[in-house]
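> Could you look at this predicted model? Sequence included:
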Amino acid sequence: MNSTRFKILITGFFMLFLCLHINAQQFATHAVKKGETLESIAKQYKVTPFNILKYNKEVVQGKPLVANTVLVIPMESKATDANVPVVKSRQAEIVTENSVIQENPIGFTSYKVKRKDTLYGIAKRFNIAIEDLKRYNKELYSGNLKKGMNLRIPKFRRLNPKDLVKNADDFEMYTVKPKETRWSIANTYGITIDKLLELNPDLSKTNNYLMEGQQLKLPKIAGSTVENQKIQLYTSYVVTPKQTFYNLEKQFGVSEDEIKSLNPEVKVRGLQEGMIIRLPKKDLTPKEVINTDKYVFYEVKPKENEFRLTRKLNVTYAELLALNPELNDGLKAGMVLKITKAKAQDLQIKNSLILDRFSLIDSIQTTNRPNLLFLLPFRTDKIDVSNKEMAKDSMAGRKDTKYSLGIYTGAMVALDSIKKLGVSVRVRTFDTQLNATRAKDIMLRENLNNISAIIGPLDSKSLKEVALAAAQYDVPVIAPIASDSDISLRNVFFTIPSDEVLRNKMITYVNENRTGENIVIIADENNKGTQRILLEKFPKAKILNLKNNISLDIEKVKQIVSAKQNWVFLESDNANTIYHVSSVLNSTIADSVKIKMFTTNRNKAFENDVISSSHLSNLGFTYPSIEKEIGSNSFVKMYRRKYGIEPDRYAVRGFDITFDILLKLAYKNNLFEAGKNIGETSYTANKFNYRKDTSSGYYNQSAYIMSYDKMMIIAVE
């Protein structure tokens, strides 16, 4: 451990562990109701459980509260009005005849506080409630309005209840035809999938299944109910960002009243980005029926040109013109183009619609300000910072300190990177000292109401304590290292893929890429379970048994391997076994005998120095991995400039995990919600795709397939 890292550690301790809060103390009282807990009351008043315990000595942490007990509540972290309830999601709700329905904010604007401004005046000016103002500016709960303060002002689309009344005459029942999809039907009727689900609540929200003959409620096409009237033809248009009725009238020659008449949902919601609306066609040529057996569809994005489009879709512009004559009038954002399925083989398709790769960086909202807690075992209790040499030795000899410093220094580079994108982040850091009791105490003292995510701790016991406390406030907890744990907690994101995920990734890769190769399985006694799984997946595979659980009989190897390609699975956690098997397989390779070696679990035994890298390279050794090899990329350069040393694997993980979390929070400001819209994300060496377990937390399903090639290790998938 060099002096640079030592300086980093010391500087970090002084910068990150000092946190002072000075407020005028106020108090309220609360009569405990049956079923209430210390945590639920703390959450209601936006204070910490520790502060309640501090002023109510009769209450004991961990014991049930007695109903009708009167508690003293310190109000320094709460809004002035003690009776203000916790603000809940502003989803549309049942209202009286004269009231107005409000949904979640459709966006935010900023406002700089002037000298004589008041909360009431600002709320009235922007036509919002004072509580909404506080909700999106948490500092107003604990402090007064100050000149120069920058506030986030939520923008709501207000809906009149009269506009929400659905006229039965505006809808019809539609019978699903063979091979029709939700998307093709929604596109034909000019509505969104969300609108389709809203009109048909019995449809599944978790899959896209439609049954032939199924009845769907859909909006009637305008003019179709008038007897003997020629049905007008319409085209579908996807509303682009910042679209207005004036722009639509200039572009398509259709008035605002006509648009609202054809699209009743626009009366209620206004024009929204991504909404599919109906517009009258200028020519009355018969509209071709959408055939999802032959075609898939692509929605043109803003600022997309011919070059980018043809490269993305792997077609020529002449091919696009042949299938989409409307392109003769020019390429326009929102157009839905069709291409043949044969041309779309390498594209990602869902519900017959070509999907774009989601860009988190392009989707962030700089008004979102994440608030992170880092809980890592730096072990300041074991390091004497007054003695430089002893401190260096202590840090060099402690894995927990090494891991923590690596993750944290990488995370600091991620914070620098997100700052360059215009996102402000608040960070507090604590040393858990690898002590679950200390971690629990930190959670008790900290106000978790405004925390966006907690990164750490590293050990399972501390992780459990932190996750339990954070769950009371719906705060996500990120496990940087642990993947296997005995805890079943709904708010934990396990960043490291499990052994099962890695094994399945390897099996899928082999299954999808094999073309008749001879499959051979070699497994030691500790890995017979994996051997059984492989035999289930490859029932025609051959088994090679080990001698003394370590070596192979070379004559038996020659009998089993054929003259064609041989793909051999080696499942072992013993370095001597791996050494002997790889040596024998390598010696068996000849012009007529090709052998490629795989494993479903590249454990530490494969990293032993006794194993020849040359043999592994000759065998094209292929394995699943949680991370890929990195070169001198932008992160490495930034890390060198910041710390003067090369990043280790934990620093890389710290950067990737933190940057991923920050981008998702900058996009949605809610990690649980962000995950519903985002697929796989990849960074310097790690990638993430979390799936919610039915009974516990979120597990990363992403991994790489790595392979030795000419003495280099490359990612093949």
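Great, that's in hand.

> quick one, strands of the stretch 601-717 of the chain?
Using DSSP state E, counting those that start in this stretch, the strands assigned to the stretch 601-717 of the chain run over residues 622-625, 681-682, 687-688, 690-692, 698-700, 704-709, 712-715.

> Actually, the stretch 401-550 of the chain.
Here the stretch 401-550 of the chain has its strands, by DSSP E, counting those that start in this stretch, at 426-431, 453-455, 477-479, 492-494, 518-523, 542-543.

> Over to the stretch 1-150 of the chain?
27-31, 70-74, 101-102, 107-112, 150-155.

> Out of the ones you listed, which one sits most buried?
strand 101-102 (a mean of 19; mean count of other Cβ atoms under 10 Å). Backbone N, C-alpha and C define where each C-beta goes, glycine included.

> that older thread, looking at the strands of the stretch 1-150 of the chain, spot the one closest to V315.
Nearest to V315, of all those, is strand 107-112, at 35.8 Å by Cβ to Cβ.

> re earlier: of the strands of the stretch 601-717 of the chain, which approaches Q251 most closely?
Using Cβ to Cβ, the nearest of those to Q251 is strand 681-682, at 35.3 Å.

> which other helices and strands contact the closest one?
In terms of contacts (3 or more Cβ pairs under 8 Å, 6 or more residues apart in numbering; DSSP states H and E), strand 681-682 is packed against helix 649-668, strand 687-688.

> ok, and for the longest one, which residues are buried?
By neighbour count, and taking 16 or more other Cβ atoms under 10 Å as the criterion, the buried residues in helix 649-668 are 650-668.

> One more: stretch 568-575?
For stretch 568-575, by 16+ other Cβ under 10 Å, it's V568, F569, L570, E571, S572, N574, A575.

> pLDDT score for the fourth one?
This means E571. For E571, the pLDDT comes out at 96.

> what's the answer for the last one, then?
For A575, the pLDDT comes out at 94.

> tell me the contacts of the residue lying closest to it once chain neighbours are set aside?
Once flanking residues are discounted, A575 sits nearest to N608: 3.6 Å by Cβ to Cβ, 6 or more residues apart in numbering. By Cβ atoms under 8 Å, 6 or more residues apart in numbering, the contact set of N608 is A575, I578, Y579.

> Specify the local secondary structure of the second one.
What that stands for is I578. helix (DSSP: H, G, I helix; E, B strand; the rest coil).

> Just give the number of residues close to it.
By the criterion of other Cβ atoms under 10 Å, I578 has 27 neighbours.

> Which is the succeeding secondary structure element to the helix or strand containing E319?
In this assignment (DSSP states H and E), E319 forms part of helix 317-323. Using DSSP H and E, the helix or strand that follows helix 317-323 towards the C-terminus is strand 336-340.

> name the helices or strands packed onto that following strand?
Counting by 3+ Cβ pairs under 8 Å, 6+ apart, the packing neighbours recorded for strand 336-340 are strand 295-299, helix 317-323.

> hey, which helix or strand in this protein has the poorest pLDDT?
strand 101-102 (a mean of 40; mean pLDDT, DSSP states H and E).

> and the gap between P49 and P497?
35 Å (Cβ to Cβ, to the nearest Å).

> no wait, Y639
Y639 is 24 Å from P497, by Cβ to Cβ.

> Let's have the strands of the stretch 1-150 of the chain in a markdown table, adding distance to S394.
What follows is the strands of the stretch 1-150 of the chain, written out as a markdown table (distance: least, Cβ to Cβ, whole Å):
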| stretch | distance to S394 |
| --- | --- |
| strand 27-31 | 45 |
| strand 70-74 | 39 |
| strand 101-102 | 57 |
| strand 107-112 | 47 |
| strand 150-155 | 43 |
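
> Just list whatever residues bridge to the nearest residue to G334 once chain neighbours are set aside.
Excluding its sequence neighbours, the residue lying closest to G334 (Cβ to Cβ, 6+ apart) is V238, at 4.0 Å. On the basis of DSSP bridges, V238 is bridged to I276.

> quick one on the thing from earlier: looking at the buried residues of stretch 568-575, which is nearest P476?
Closest approach to P476 among the buried residues of stretch 568-575 (Cβ to Cβ): E571, at 35.0 Å.

> wait, that closest one sits on R602?
No: E571 lies out of contact with R602 (Cβ atoms under 8 Å); the separation is 10.6 Å.

> For the stretch 101-250 of the chain, which segments count as helices?
Using DSSP state H, counting those that start in this stretch, the helices assigned to the stretch 101-250 of the chain run over residues 119-125, 130-135, 139-142, 182-189, 193-199, 245-252.

> Out of the ones you listed, indicate the one that is most buried.
Compared across the helices of the stretch 101-250 of the chain, helix 182-189 shows the largest average neighbour count, a mean of 20 (mean count of other Cβ under 10 Å).

> Point out the other helices and strands that it packs with.
Right, helix 182-189 is packed against helix 193-199, strand 215-219, strand 276-280 by 3+ Cβ pairs under 8 Å, 6+ apart.

> Kindly provide the whole-number mean pLDDT of that helix.
For helix 182-189, the per-residue pLDDT averages 75.

> Can I get it in CSV? Just the C-alpha atoms.
Only the C-alpha atoms of helix 182-189 are listed here, as CSV (Å, rounded to 0.1, in the frame of the first residue of the first chain):
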residue,chain,number,x,y,z
ARG,A,182,-51.3,-6.6,-28.9
TRP,A,183,-49.1,-4.2,-30.7
SER,A,184,-50.6,-4.8,-34.2
ILE,A,185,-54.1,-4.3,-32.8
ALA,A,186,-53.1,-1.2,-30.8
ASN,A,187,-51.3,0.2,-33.9
THR,A,188,-54.4,-0.4,-36.1
TYR,A,189,-56.6,1.5,-33.6
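
> How far off centre is that helix?
28 Å (Cα atoms, centre = their mean, to the nearest Å).

> before we move on, what about stretch 634-646?
26 Å.

> Repeat that for stretch 58-72.
39 Å.

> In terms of secondary structure, what does the helix holding E319 contact?
helix 306-313, strand 336-340.

> Indicate which one of the ones you listed is closest to F252.
The nearest among those, by Cβ to Cβ, is strand 336-340 at 14.9 Å.

> Pull out the buried residues from that closest one.
Those buried within strand 336-340 under the rule 16+ other Cβ under 10 Å are V336, L337, K338, I339.

> Please work out the average pLDDT along that strand.
Strand 336-340 comes out with an average pLDDT of 84.

> begin at 15 from here
OK, 15 is where the count begins now, so the last one is strand 350-354.

> now the angle from it to strand 290-294?
Between strand 350-354 and strand 290-294, the angle comes out at 100 degrees (axes from the mean of the first three to the mean of the last three Cα atoms, to 10 degrees).
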